[in-house]
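K.L.:
Dropping a prediction and its sequence here:
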Amino acid sequence: MRKVTVPLHLLKEAERECLKSDVVKARVCALLMDGKRVFRRDHNRIVAGAPHKFSAHAEESLLSKIGKPYGTLIVLRYLPGKDCFGDSRPCDKCMRLILKTSISRIVYCLGESFYEETI
């Protein structure tokens with residue numbers, strides 16, 4: 001894991017995608033990049049018809065829509081009241097899904113910094 005800088009235009013794109021989420025307390029998005037271009041994006045959402053409030057994670061939702069995911073996955077959690085990003089390292093379940101793909105890097109936020117993991 002190493003500290004990285006995420007370009008402002010990607011942070012703005014992540015913010016826009018996170019704000020689409022209906023999970024108000026945890027607005028999370030996943031952006032999939034091929035080089036410098038975002039070619040897929042998704043966000044977490046409440047699953048309709050679930051007996052309890054259940055949300056599909058952004059990573060899970062994104063990966064389920066792509067045949068052979070590859071590139072860099074950026075996962076960010078937007079905190080609207082604070083206008084900043086919060087901890088967004090993928091959970092164990094999502095990491096297992098990611099490891100089954102051809103994704104080579106994951107970028108996420110911890111504290112006030114962004115980190116990258118190479119897979």
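P.N.:
Everything's here; your move.

K.L.:
Might you list the low-confidence residue ranges for the protein?
P.N.:
When residues are selected by pLDDT under 70, those of the chain lie in 50-53.

K.L.:
Helices along that one, start to end?
P.N.:
With DSSP state H as the criterion, the chain has helices at 8-18, 58-63, 92-99.

K.L.:
Met1: which of those helices is closest?
P.N.:
helix 92-99 (12.7 Å; Cβ to Cβ). Every residue, glycine included, has its C-beta placed from N, CA and C.

K.L.:
hmm, back to that, could you export the helices of the chain as a markdown table, including mean neighbour count and distance to Leu110?
P.N.:
Listed next are those as a markdown table, based on neighbours: other Cβ atoms under 10 Å; distance: least, Cβ to Cβ, whole Å:
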| stretch | mean neighbour count | distance to Leu110 |
| --- | --- | --- |
| helix 8-18 | 17 | 15 |
| helix 58-63 | 23 | 16 |
| helix 92-99 | 14 | 14 |
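
K.L.:
can you tell me which of the ones you listed comes nearest to Gly49?
P.N.:
Nearest of the helices of the chain to Gly49, taken as Cβ to Cβ: helix 58-63 at 15.7 Å.

K.L.:
Can you give the distance from the closest one to the centre of its chain?
P.N.:
Remark: helix 58-63 is offset 8 Å from the chain centroid, using Cα atoms, centre = their mean, to the nearest Å.

K.L.:
list the helices and strands that helix packs on?
P.N.:
Helix 58-63 sits against strand 27-34, strand 37-43, strand 70-79, helix 92-99, with contacts defined as 3 or more Cβ pairs under 8 Å, 6 or more residues apart in numbering; DSSP states H and E.
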